[in-house]
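*Asks:* Provided below for reference: sequence and predicted model.
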Amino acid sequence: MQNEERRSAVCLTSGGVDSVTATYYVVRELKPPKTLIIFCNYGQRTSKYEEFCIRRIARMLNSRMKIIDMRWLGEISTSLLTHPEKDIPETKEEELWDEEKARERILRWWDPCRNALLLLVGLAHAESMFISSKERYDVYIGIRRETPVAMKDNTPQFMEEMNRLQEVATHHGGYRLLAPLITYDKDKVVELGERLGVPWKYTYSCYAGAGFKKVGREVLPVHCGRCSNCKRRKLAFKDAGVKDPSIYLA
């Protein structure tokens with residue numbers, strides 16, 4: 001993906017493999033004049049692990065970071081991601097590719113309008129900076145191609161609609177909402193991240209959260225190893241032939 005002009009970048013980064021790789025791609029490959037990394041805390045049970053990783057990523061990329069309080073979203077969400085009092089069931093590896101079971105799982109992880117809200121947060125920052133300083137910022141999100149069933153807000157069609165929305169939602173229009181990994185499977189994301197030098201120990205994929213553990217001189221977040229996202233992460237690293245230095249309980 002090439003920009004016809006070098007714009008600065010707002011990177012919506014959750015701390016996972018996909019969003020961190022997308023952020024590394026933007027910074028290392030596109031080389032925007034300025035980068036703002038935005039992390040949205042929407043009340044997800046793993047927010048402290050994600051923030052831990054993003055703070056380190058931001059320092060390593062020498063990028064400014066901002067945390068947005070969206071915990072109200074967690075208060076209205078029925079997702080297991082925002083209800084730590086509920087157990088997250090184990091997903092068997094063979095179930096990852098079962099379309100019927102994948103459809104059954106979607107509402108388990110669905111937070112109302114989450115990706116649209118994240119993009120609007122990024123867009124609001126981009127518009128604010130253009131109004132105040134006349135600097136153009138593109139907004140990047142790390143969503144990728146999901147298999148076997150994609151959530152509606154993880155598709156090229158969703159991004160097309162959001163780009164149409166920005167024209168009528170902003171005063172000047174002309175902003176770009178971009179998902180550079182939207183055609184990538186997760187193993188291809190890992191391959192790209194490895195080439196870009198992503199420090200995998202500072203990425204977090206777990207839905208449940210499993211504490212921190214001291215490794216050498218530093219403390220790192222632990223993955224449960226049982227949830228569907230942990231299973232998908234493990235398989236992606238295996239298929240990509242890349243060693244995952246993360247800690248797993250199972």
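*Replies:* Here it is on my side, so go on.
*Asks:* so where is the protein shaky, pLDDT-wise?
*Replies:* 1-4 (pLDDT under 70).
*Asks:* what's the single longest helix in it?
*Replies:* Using DSSP state H, we find that the single longest helix of the chain is helix 114-133.
*Asks:* elements contacting it?
*Replies:* If contacts are counted by 3 or more C-beta pairs under 8 Å, 6 or more residues apart in numbering; DSSP states H and E, helix 114-133 sits against strand 8-12, strand 35-41, strand 137-141, helix 156-169, strand 177-178. Any C-beta I mention is one placed from the backbone N, CA and C, and that applies to glycine too.
*Asks:* just checking, what packs against the third one?
*Replies:* Applying 3+ C-beta pairs under 8 Å, 6+ apart, one finds that strand 137-141 makes contact with strand 8-12, helix 17-25, helix 114-133, strand 177-178.
*Asks:* can you do 10 Å?
*Replies:* Helices and strands touching strand 137-141, as assessed by 3 or more C-beta pairs under 10 Å, 6 or more residues apart in numbering; DSSP states H and E, comprise strand 8-12, helix 17-25, strand 35-41, helix 114-133, helix 156-169, strand 177-178.
*Asks:* how about these, which one is nearest residue 199?
*Replies:* Comparing the helices and strands packed on strand 137-141 by their distance to residue 199 (C-beta to C-beta), the top pick is helix 17-25, with 8.5 Å.
*Asks:* what about the closest one, distance to the chain center?
*Replies:* In terms of C-alpha atoms, centre = their mean, to the nearest Å, the centre of helix 17-25 is found 7 Å from the chain centre.
*Asks:* still on that earlier bit, out of the helices and strands packed on strand 137-141, nearest to residue 53?
*Replies:* Once the helices and strands packed on strand 137-141 are compared by C-beta to C-beta, helix 17-25 is nearest, at 7.3 Å.
*Asks:* related to what we said a few turns ago, can you tell me which of the helices and strands packed on strand 137-141 is nearest to residue 228?
*Replies:* Within the helices and strands packed on strand 137-141, the stretch nearest residue 228 is helix 17-25; the backing value is 13.9 Å (C-beta to C-beta).
*Asks:* list the helices and strands the closest one packs on?
*Replies:* Under the contact definition 3+ C-beta pairs under 10 Å, 6+ apart, helix 17-25 sits against strand 8-12, strand 35-41, helix 47-60, strand 137-141, helix 186-196, helix 228-240.
*Asks:* any chance of the ones you listed in JSON lines, with distance to residue 130 and mean neighbour count too?
*Replies:* Shown next, in JSON lines, are the helices and strands packed on helix 17-25 (distance: least, C-beta to C-beta, whole Å; neighbours: other C-beta atoms under 10 Å):
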{"stretch": "strand 8-12", "distance to residue 130": "10", "mean neighbour count": "26"}
{"stretch": "strand 35-41", "distance to residue 130": "13", "mean neighbour count": "21"}
{"stretch": "helix 47-60", "distance to residue 130": "22", "mean neighbour count": "19"}
{"stretch": "strand 137-141", "distance to residue 130": "7", "mean neighbour count": "26"}
{"stretch": "helix 186-196", "distance to residue 130": "28", "mean neighbour count": "20"}
{"stretch": "helix 228-240", "distance to residue 130": "35", "mean neighbour count": "19"}
